[in-house]
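Enquirer: Please find the sequence and the predicted model below.
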Protein chains: 2
Amino acid sequence: MPLPQTEVPGRLQAQFTERGIRMTQQRRAILSVMETATKHLDAAQILRKAQRLDSTVDRSTVYRTLRLLKRHGLIDELDLMHINGEGHYYERRLGRDHIHMACLRCGKITEFVSNSFEKLKQQVEKDCHFRVVVSRLEIGGYCSECRGGAQ
Amino acid sequence: MPLPQTEVPGRLQAQFTERGIRMTQQRRAILSVMETATKHLDAAQILRKAQRLDSTVDRSTVYRTLRLLKRHGLIDELDLMHINGEGHYYERRLGRDHIHMACLRCGKITEFVSNSFEKLKQQVEKDCHFRVVVSRLEIGGYCSECRGGAQ
DNA sequence: TTAAGTGCAAATATTTTGCTGTCAC
DNA sequence: GTGACAGCAAAATATTTGCACTTAA
């Protein structure tokens, strides 16, 4: 039942071709941004970066493309515990789910892959008769650097 | 003018007194809504319900009170996997965290309390040296009624 | 008394939509 | 050629803020 880890850490673009989704210049720019991102980006940041690759990219195209990627399960939408307002963040979805931890003091985001998380999802499938498609575990708290003293 | 407050003053209100937070007529209405809610409400729904208890409650007071409750860890903010748009939902925070499962087909929200979830959080504390304060696990998928056939 | 809280209106985000022209296939 | 996709502008949502008045403690 777990997804085969066959996902080549290559191209979102390849996924598009494979699924017969039409490729455009603008989508290529947005996909490239998502592929090369080193941190979680919100829609405004994605727009800005995409426009550096293709100045014609419009805000609405970013939202439409994000929705498309989400529908196809190629990206995840995160809130990062709303540490910086009510916005949303996006990241490429790779083979394995990971936990996001947000430090309530310094704002640092840490990721953590855990077998127990996978087992927990299996338990949900079994005990709740619920077919798990996507999941998101976000934790707010204090990172090792910030938890000294009174925290 | 006293509120038509038939409910027993609940725990949220007691928490306010306990923490020395000033109580107002408007906050009492909002707290009462949160205390008696039987499902997850968004800000607009909370406003509407609170106004039925006290017609003077303003939208901004709702947002300000929700922020206050969140800061004090008395409510949780949820997205329910953004099944119905990009809005946010709120629920009272009770003793035990629970998992939210959202059916991608019928929209039903199910809750699940799991010991494994508690253990997972303990593992994060230990392995990541991260002090867990709040956590949120949301799962999107198909409930038992909706998973027949091709799902 | 007085600092905290409130409504109101306006300002900010954030996301979506209608329309018309364009482009990938 | 044609249906999907684009930009643009405006609408629809969602949330926050400045300010003068009110109120809980």
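Expert: Looks like it arrived, so ask away.
Enquirer: Show me what the worst-scoring helix or strand of chain A on mean pLDDT is packed up against.
Expert: Using mean pLDDT, DSSP states H and E, the weakest-scoring helix or strand in chain A turns out to be helix A:12-18, at a mean of 90. Contact analysis of helix A:12-18 by 3 or more CB pairs under 8 Å, 6 or more residues apart in numbering or on different chains; DSSP states H and E lists helix A:25-36 as its packing neighbours. Yep, even glycine has a C-beta here, placed from its N, CA and C like the rest.
Enquirer: ok, now with 10 Å
Expert: helix A:25-36, helix A:59-71 (3 or more CB pairs under 10 Å, 6 or more residues apart in numbering or on different chains; DSSP states H and E).
Enquirer: Which among those helices is found nearest to A:C146?
Expert: Closest approach to A:C146 among those (CB to CB): helix A:25-36, 29.2 Å.
Enquirer: Enumerate the residues of chain A near DNA strand C.
Expert: Applying CB under 7 Å from any atom of the strand, one finds that chain A approaches DNA strand C through A:22-25, A:42-44, A:59-60, A:63-64, A:67, A:85-88.
Enquirer: rerun at 10 Å
Expert: A:13, A:16-17, A:20-28, A:42-47, A:56, A:58-64, A:66-67, A:70, A:77, A:79, A:84-90 (CB under 10 Å from any atom of the strand).
Enquirer: is it true that A:M34 touches A:L68?
Expert: No - in this structure A:M34 lies outside contact range of A:L68 using CB atoms under 10 Å: 11.6 Å.
Enquirer: By residue count, which strand of chain A is the longest?
Expert: Secondary structure assigned by DSSP state E gives strand A:131-142 as the longest strand of chain A.
Enquirer: Buried ones in it, by neighbour count?
Expert: Neighbour counts over strand A:131-142 (16 or more other CB atoms under 10 Å in any protein chain shown) mark A:R131, A:V132, A:V134, A:S135, A:R136, A:L137, A:E138, A:I139, A:G140, A:G141, A:Y142 as buried.
Enquirer: circling back: which residues are common contacts for A:M34 and A:L68?
Expert: By CB atoms under 10 Å, 6 or more residues apart in numbering or on different chains, A:M34 and A:L68 have these common neighbours: A:L74, A:I75.
Enquirer: of the two, who's got more company?
Expert: A:M34 (21 against 15; other CB atoms under 10 Å in any protein chain shown).
Enquirer: tell me the contacts of the more buried one?
Expert: A:12, A:41, A:46, A:49-50, A:65-66, A:69, A:74-75, A:90-93.
Enquirer: Could I have the buried ones of the residues you listed as ChimeraX selection syntax?
Expert: Buried residues within the contacts of A:M34, by 16+ other CB under 10 Å, are selected in ChimeraX with:
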select /A:12,41,46,49,50,65,66,69,74,75,90,91,93
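Enquirer: Contacts only, for A:T56.
Expert: Per CB under 10 Å, 6+ apart, neighbours of A:T56: A:Q25, A:Q26, A:A29, A:A50.
Enquirer: Grab the most central residue of chain A for me.
Expert: Centrality entry for chain A: nearest residue to the mean C-alpha point is A:E91, 2.5 Å, by CA atoms, centre = their mean.
Enquirer: contacting residues around that one?
Expert: Contacts for A:E91 (CB under 10 Å, 6+ apart) come out as A:M34, A:A37, A:K39, A:H40, A:L41, A:I75, A:D76, A:E77, A:L78, A:H98, A:H100, A:E111.
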